[in-house]
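Trainee: What shape does this take:
(one chain, ligands or ions: 1)
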Amino acid sequence: MAGGAYIAIALGFALGGGVVGKIKGSSFWLWFLISGAVPVIGLLAALCFRSERDELRRQCPTCGRVCKLHDALCVRCGTELEFPDEALASESEAPALR
Ligand SMILES: [Zn+2]
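Mentor: This is a model prediction of the structure:
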């Protein structure tokens, strides 16, 4: 009976992860499979993926690459990034900048 309970729990997490993934504009089935394979971690990953997209961004003063606000170095040119006075809108708020 323990196996049946585990499958029920895994299926619940899979559905939750799939719905979260779908809401974020990602694939329902991708997150359904991830959350079903690794129930708790998969659902957490789906939730974290969303917060990454909502992260505020800023532009590198040297090469102009758009980086995450919390990045200390530019991933393209390696410029050390000061904490900016103005942040760019997050990816989910400004899809045109992506
Ligand atoms: Zn740069």
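Trainee: Quick check: longest helix in this protein by residues?
Mentor: helix 2-23 (DSSP state H).
Trainee: Show me which residues of the protein sit near the ion.
Mentor: Cys60, Thr62, Cys63, Arg65, Cys74, Arg76, Cys77, Thr79 (Cβ under 5 Å from the ion). To be clear about C-beta, it is placed using only N, CA and C from the backbone, and glycine gets the same treatment.
Trainee: now do 8 Å
Mentor: Counting by Cβ under 8 Å from the ion, the residues of the chain close to the ion are 60-65, 67, 74-79.
Trainee: By neighbours, which of those wins?
Mentor: When neighbours are counted by other Cβ atoms under 10 Å, Cys67 leads those with 21 neighbours.
Trainee: Paired strands for whichever strand or helix holds it, with orientation please.
Mentor: Per DSSP states H and E, Cys67 falls inside strand 66-68. When pairing is defined by DSSP bridges, strand 66-68 lines up against strand 57-59 (antiparallel).
Trainee: wouldn't Gly17 be in contact with Ile41 here?
Mentor: No - taking contacts as Cβ atoms under 8 Å, Gly17 lies outside contact range of Ile41: 9.7 Å.
Trainee: With neighbour numbers in mind, choose between these two.
Mentor: Counting neighbours by other Cβ under 10 Å for Gly17 and for Ile41 shows that Gly17 has the greater number, 29 against 13.
Trainee: Grab the nearest non-local neighbour of that one.
Mentor: Closest residue in space to Gly17, ignoring its immediate chain neighbours: Ser35 at 2.5 Å, by Cβ to Cβ, 6 or more residues apart in numbering.
Trainee: Now for the one you found: which residues touch it?
Mentor: Counting by Cβ atoms under 8 Å, 6 or more residues apart in numbering, Ser35 makes contact with Phe13, Ala14, Leu15, Gly16, Gly17, Gly18, Gly42, Leu43, Ala46.
Trainee: For these, pick the one with the most neighbours.
Mentor: Gly17 (29 neighbours).
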